[in-house]
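In: I'd like to go over a predicted model; first the sequence, then the structure.
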Amino acid sequence: MKKRTQFGGLFLIAALVVITVLLVLMFGFIEKLIGRDNKSPESLNYTDSGDSRIYYNDTWYTRSDSIETLLVLGIDKMADNEDASSQADFIALVVMDEDNKSFRILHINRDTMTEVNQLDKHGNKYGSFTAQLALAHAYGGTGKIQCRNTVASVEKLLYEIDIDHYMSVTMDAVPIINDSIGGVTLTLDNDYPALGSEYVKGAQITLVGEAALSFVRWRNDSPDGSNLERMERQRTYIAAAFSRYASLEDDPALDTMFKVNEYLVSDCTVNQLSDLLESLQSYTYNGTLPVAGEAKKGSEYVEFYADEDALKETVIDLFYEQEV
C-alpha cells in the first residue's frame, strides 16, 4: 500500500464540503496575493499591552509568530447559476503551527452573528451591520471581493486575528471529490427521513454522487438551530472520508484537482502554494474544533451567538502562547 502523508488527510477533509487545505494548495487557482491594511488588534476584553501580549485569568500570553491560517469556504451556489445566492454555507479556518508541525481546523457556524461589511460590486464599503456570517460572501462583484469580505468578518469575530489566505469552492465540487475516493461509507447517528427511507439511525450508508452533496448540505426547515446538527453531520463525514482515503492504494488528488479547478477561488501565489504544500506534507492533523454558543430563532432566520468566554479561550489556545 502506498505510504500516506498528512497531505492525504487534508485531501479527505476537503471531501467534506471541500474544506481541505491542500485542495487549494496543490494547484494553481493562482491569483496575486492581496495585501490588507494593517489593523490595530482589538482587546479580547482583557488587558491588552499593545505589543501582541495579553493578560487573561492572571496569566500573560504572547501572540505566536509560527501560525499561518487559511480560511476555507463552501459556497451555497452552483457555478453555472449566476443569479443564485452566494452565501458561505461552510466556513472553516485551518490553523497551521510551524513550530509544532501540526494543524487544527476551527469549524465556524454559518449563522454566527457578527459584523458584516456592506460592499458594492467594486468592493467599496458603504456600511456595515450585524448579521449571519454567511451573508458576508454575498457582497461584492467577484469571488475575490466576496472572499475578502468574509475574511474581514471572521477576523472581526476572532478579535482581529489576521487570516493569511483564503479559498472558496462552490457546492458543485462535492460529488466530484466524494466519488474520486470511491464514495464514502458512514454510520448514521440520527434519522434523516428527508434524505431517504434508508437514512435511519444506526444504518450504514455509502454516499455516492449527489447523495454526498445532500448529506453535507441538507438543512431542515425547523425554527431551531438546525445548522448545529448539520455541522455534526459534516464532521461525521470528515471522519468517514479520512478512513476511506487512507485505505486507497492510489492517490486520486492530482486528477481530482484538475476536475474541480473551475469551482475554486484562492489568493495564494505559486510560491505560497509550493511552500505550504512542502510543509503540510509532514504536519500532524490535531482535530476539528467547533465554536461553542447558542442558536436562537431570530425575527426571520436562525441566529447563532458564540459563547464569548469560550471563544476567547479558543482564540488564545489557537493563536497565543503562555509566557514563562
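Out: Now that the structure is in, tell me what you want to look at.
In: and the end-to-end length of stretch 301-314?
Out: 27 Å (C-alpha to C-alpha, to the nearest Å).
In: Tell me which residues of that stretch come out buried.
Out: 302-304, 306, 311-312, 314 (16 or more other C-beta atoms under 10 Å). In this view, the C-beta of every residue, glycine as well, is placed from N, C-alpha and C.
In: From these, pick the one nearest residue 110.
Out: The nearest member of the buried residues of stretch 301-314 to residue 110, counting by C-beta to C-beta, is residue 304 at 8.1 Å.
In: what residues are up against the spatially closest residue to that closest one that is not a sequence neighbour?
Out: Distance criterion C-beta to C-beta, 6 or more residues apart in numbering; nearest residue to residue 304, sequence neighbours excluded, is residue 111 at 4.0 Å. Residue 111 is in contact with 132-134, 225, 227, 295, 301-304, counting by C-beta atoms under 8 Å, 6 or more residues apart in numbering.
In: May I ask which of those comes out lowest in pLDDT?
Out: Across the contacts of residue 111, the bottom pLDDT score, 49, is held by residue 225.
In: where does the stretch 1-150 of the chain have low pLDDT?
Out: 1-51, 77-85 (pLDDT under 70).
In: try it again with 50
Out: Scanning the stretch 1-150 of the chain for pLDDT under 50 picks out 1-49, 79-81, 83-84.
In: And the strands in it?
Out: For the stretch 1-150 of the chain, the strands defined by DSSP state E, counting those that start in this stretch cover 47-48, 53-56, 59-63, 67-75, 88-97, 102-108, 113-119, 125-132.
In: so can I have a markdown table of those showing distance to residue 167?
Out: Below are these laid out as a markdown table (distance: least, C-beta to C-beta, whole Å):
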| stretch | distance to residue 167 |
| --- | --- |
| strand 47-48 | 31 |
| strand 53-56 | 29 |
| strand 59-63 | 24 |
| strand 67-75 | 6 |
| strand 88-97 | 10 |
| strand 102-108 | 13 |
| strand 113-119 | 19 |
| strand 125-132 | 21 |
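In: okay if I get those as a markdown table plus mean neighbour count?
Out: Listed next are these as a markdown table, based on neighbours: other C-beta atoms under 10 Å:
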| stretch | mean neighbour count |
| --- | --- |
| strand 47-48 | 14 |
| strand 53-56 | 17 |
| strand 59-63 | 15 |
| strand 67-75 | 25 |
| strand 88-97 | 24 |
| strand 102-108 | 21 |
| strand 113-119 | 19 |
| strand 125-132 | 13 |
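In: which stretch among these comes nearest residue 236?
Out: Residue 236 sits nearest to strand 102-108 of all the strands of the stretch 1-150 of the chain, at 12.3 Å, using C-beta to C-beta.
In: Let's see that closest one as CSV, backbone CA atoms only.
Out: Extracted in CSV, the C-alpha atoms of strand 102-108 (Å, rounded to 0.1, in the frame of the first residue of the first chain):
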residue,chain,number,x,y,z
SER,A,102,0.7,20.4,13.2
PHE,A,103,-2.6,22.0,12.2
ARG,A,104,-6.1,22.3,13.6
ILE,A,105,-9.4,23.3,12.0
LEU,A,106,-11.9,25.8,13.6
HIS,A,107,-15.4,24.9,12.3
ILE,A,108,-17.5,28.1,12.4
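In: Can you tell me which of the strands of the stretch 1-150 of the chain is nearest to residue 163?
Out: Of all the strands of the stretch 1-150 of the chain, strand 67-75 comes closest under C-beta to C-beta, at 4.9 Å.
In: who touches the closest one?
Out: By C-beta under 8 Å, 6+ apart, strand 67-75 touches 17-21, 24-25, 86-98, 137, 147, 150-151, 154, 161-171, 174, 276, 318-319.
In: Across the sheet, point out what pairs with the residue nearest to the spatial centre of the chain.
Out: Closest to where the C-alpha atoms of the chain average out (C-alpha atoms, centre = their mean) is residue 92, at 1.7 Å. Beta-bridge pairing for residue 92 (DSSP bridges): residue 72, residue 107.
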